[in-house]
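Visitor: I would like the atomic coordinates for the input below:
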Amino acid sequence: MSASPVASPLIESKADLIEALSKGVRPKEDWRIGTEHEKFVFGRKRRLPVPYEGDRGIKAILEAVQEKTNWTPLMDKGNIIGLKDPVDGGSVSLEPGGQLELSGAPLETLHDTCMETGNHLKMLRSITDDMGLEFLGLGVAPTWSLDDMPMMPKSRYAIMKPYMEKVGTLGTSMMFRSCTVQVNLDFSSEQDMVKKLRTSLALQPITTAIFANSPFVDGKPSGYLSYRSHIWQNTDKDRTGMLPFAFEDGMGFERYVDYALDVPMYFIIRDDEYINCAGESFRAFLDGKLPQRPGELPTKADWEDHLTTIFPEVRLKSFLEMRGADSGPWEGICAMPALWVGVLYDQTSLDAAWDLVKHWTEEQRDQLRVDVAKTAFQAEIAGRKVGEVARDMLEISRAGLAARSRKNWEGFDEGVFLHPVERALKLEKCPAEVMLEAYRSIWGGDIDRIFTEHLF
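Guide: Numbering: from 1, shown residues only. From the prediction side, this is the model:
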């Protein structure tokens, strides 16, 4: 749970809202890489998702991780719902259906990121092997229905679930049946933020295609290569999407604040209790007109909590969060941030990437997002196949990583982590297409093979 915002200062002006974003400005030498990944937990024998309670449940896993790491437990009404590293800033948290998430510490290199992820997965294996539990690296649960999914005891999810059922057709599938890999990256100025935001928004569907890894739902092929991307297109249009205003003149921190103010609220926290404000207006809250707390004014913590409930393809907080990729194997968890670091953390590469996308129209970008969910590399934009654009993006990233020249003890730079992208483009097939080919051939249509072939 977030700390109660009671002690947080009241918002005094719009400048306070802007400052929640602009405080992320930092010089290039202080830029870091924060990688997040989610994974499904299931029982080895019955191949069903794991409940919260029980000696082989999610709670037991978290307690064992806490014992091994001595990280600070995060509690919600007496339930452990996550862990925080008090030294480096990483955390382990729960998604609604029991998906375990590692939110990595802000690290200097991709070598550090991949080591962090590897150590995390090895630790989990040391805990769960004797429990008879496994971890699945896919973008969407391949066989489990919504009724199969447990609900974790996090108060915010009890507010989000009924609201999701009102505003979209697949919002609950997003909550309970999807997993992602994300990377959080820094900016040096408002101008730098804008260019990175625009470039990464335009290219986000390209990464969706590269890492598409969710072709199954409800035990059969879904008709999509990234069903997870399709889910997000049908979740909540008020808080998702491609942010067309980001490409307009005058884009900056204030413009994003104006957008965020118009995204409906979910909750506020008072005395460690979540208060349901789903659908209410933060603008009204600024005027003391929140129906649930009439006359009360919001705090800075309320605003920062609100910013975490917005889910566009690229999210702006005090950093930029890339949100377009399905979860996948360990090498994919390293490849996805590598691709983005190479594009966004070298000025020459960023300029080249912007030149690649700057002529795309809003309509083309929106259609691309729809098309890649179904056809990945075969989708088209501006007369070009996505596979061609992805090759350009790969070369731009490779050059950016070479320019960074962050080498490991063997003398290899961070470009080594791009191998899964290179392989997909060489095959001209995303991971989902490779999986579907196996399903239709060597698996003999037995989808249960996924529970042995795609484990962490």
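Visitor: is residue 125 in a helix, a strand, or coil?
Guide: Here residue 125 is helix, with the state taken from DSSP: H, G, I helix; E, B strand; the rest coil.
Visitor: which residues touch it?
Guide: residue 456 (CB atoms under 8 Å, 6 or more residues apart in numbering). (Each C-beta comes from the backbone N, C-alpha and C, glycine too.)
Visitor: swap in residue 215?
Guide: 221-222, 224-225, 227, 432-433, 435-436 are the contacts of residue 215 under CB under 8 Å, 6+ apart.
Visitor: that one and residue 432, how far apart?
Guide: Here residue 215 is placed at a distance of 4 Å from residue 432 (CB to CB, to the nearest Å).
Visitor: which neighbours do those two have in common?
Guide: What both residue 215 and residue 432 touch, as defined by CB under 8 Å, 6+ apart, is the set residue 225.
Visitor: which residues touch residue 18?
Guide: Counting by CB under 8 Å, 6+ apart, residue 18 touches 253-254, 257.
Visitor: okay, and it sits in which element?
Guide: helix 14-22 (DSSP states H and E).
Visitor: now do the buried residues in the helix ranked longest in the chain.
Guide: In the chain, with assignment by DSSP state H, the single longest helix is helix 190-210. Residues of helix 190-210 classed as buried by neighbour count (16 or more other CB atoms under 10 Å): 190, 192-210.
Visitor: tilt between it and helix 14-22?
Guide: Between helix 190-210 and helix 14-22, the angle comes out at 50 degrees (axes from the mean of the first three to the mean of the last three CA atoms, to 10 degrees).
Visitor: pairing partners for the following helix or strand past helix 190-210, with directions?
Guide: Using DSSP H and E, the helix or strand that directly follows helix 190-210 along the chain is strand 216-217. With DSSP bridges as the test, strand 216-217 is paired with strand 220-221 (antiparallel).
Visitor: what's in contact with the partner strand?
Guide: With contact meaning CB under 8 Å, 6+ apart, strand 220-221 is reached by 215, 436, 439, 447.
Visitor: repeat the analysis, applying 7 Å as the threshold.
Guide: Surrounding strand 220-221, the residues in contact under the criterion CB atoms under 7 Å, 6 or more residues apart in numbering are 215, 436.
Visitor: rounded mean pLDDT for it, please.
Guide: Taken as a whole, strand 220-221 has a mean pLDDT of 98.
Visitor: list the buried residues in stretch 87-107.
Guide: Buried residues in stretch 87-107, counted by 16+ other CB under 10 Å: 90-107.
Visitor: can you give me the end-to-end span of that stretch?
Guide: Distance across stretch 87-107, first residue to last, is 13 Å (CA to CA, to the nearest Å).
Visitor: what pLDDT does residue 82 get?
Guide: Looking at residue 82, its pLDDT reads 98.
Visitor: tell me how far it lies from residue 73.
Guide: Plainly put, residue 82 is 8 Å away from residue 73 if you go by CB to CB.
Visitor: do residue 276 as well
Guide: For residue 276, the distance to residue 73 - CB to CB - is 25 Å.
Visitor: do residue 452 as well
Guide: 33 Å.
Visitor: pick out whichever of these two has more residues nearby.
Guide: A direct count of neighbours by other CB atoms under 10 Å for residue 452 and residue 73 places residue 73 higher, at 14 against 10.
Visitor: end to end, how far does stretch 294-312 reach?
Guide: For stretch 294-312, by CA to CA, the gap between its terminal residues amounts to 30 Å.
Visitor: what do you get for stretch 90-106?
Guide: For stretch 90-106, the end-to-end distance is 8 Å (CA to CA).
Visitor: can you check stretch 296-314 too?
Guide: Start and end residues of stretch 296-314 are separated by 32 Å (CA to CA).
Visitor: how about residue 303, secondary structure?
Guide: Relying on three-state DSSP, one would call residue 303 helix.
Visitor: thought it was touching residue 21?
Guide: No. The pair residue 303 / residue 21 is not scored as a contact, 10.0 Å apart, by CB atoms under 7 Å.
Visitor: what distance do you get for residue 389 to residue 380?
Guide: Distance from residue 389 to residue 380, by CB to CB: 9 Å.
Visitor: would you list every one of the helices in the stretch 351-456 of the chain?
Guide: Along the stretch 351-456 of the chain, the segments classed as helices by DSSP state H, counting those that start in this stretch run 362-375, 386-404, 419-427, 431-440, 450-453.
Visitor: let's have those in JSON lines, adding mean pLDDT and distance to residue 329.
Guide: Formatted as JSON lines, those follow (pLDDT from 0 to 100; distance: least, CB to CB, whole Å):
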{"stretch": "helix 362-375", "mean pLDDT": "98", "distance to residue 329": "20"}
{"stretch": "helix 386-404", "mean pLDDT": "98", "distance to residue 329": "18"}
{"stretch": "helix 419-427", "mean pLDDT": "98", "distance to residue 329": "8"}
{"stretch": "helix 431-440", "mean pLDDT": "98", "distance to residue 329": "8"}
{"stretch": "helix 450-453", "mean pLDDT": "96", "distance to residue 329": "10"}
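Visitor: tabulate those helices (TSV), appending distance to residue 180.
Guide: Below are these laid out as TSV (distance: least, CB to CB, whole Å):
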stretch	distance to residue 180
helix 362-375	14
helix 386-404	19
helix 419-427	16
helix 431-440	14
helix 450-453	18
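Visitor: residue 56 is nearest to which of those helices?
Guide: Checking the helices of the stretch 351-456 of the chain against residue 56 by CB to CB gives helix 450-453 as the closest, at 16.5 Å.
Visitor: tell me which residues of that closest one are tucked away?
Guide: Within helix 450-453, the residues that qualify as buried by neighbour count (16+ other CB under 10 Å) are 450-451.
Visitor: which residues does residue 37 contact?
Guide: When contacts are taken as CB under 7 Å, 6+ apart, residue 37 is in contact with 101-102, 117, 181, 327, 333.
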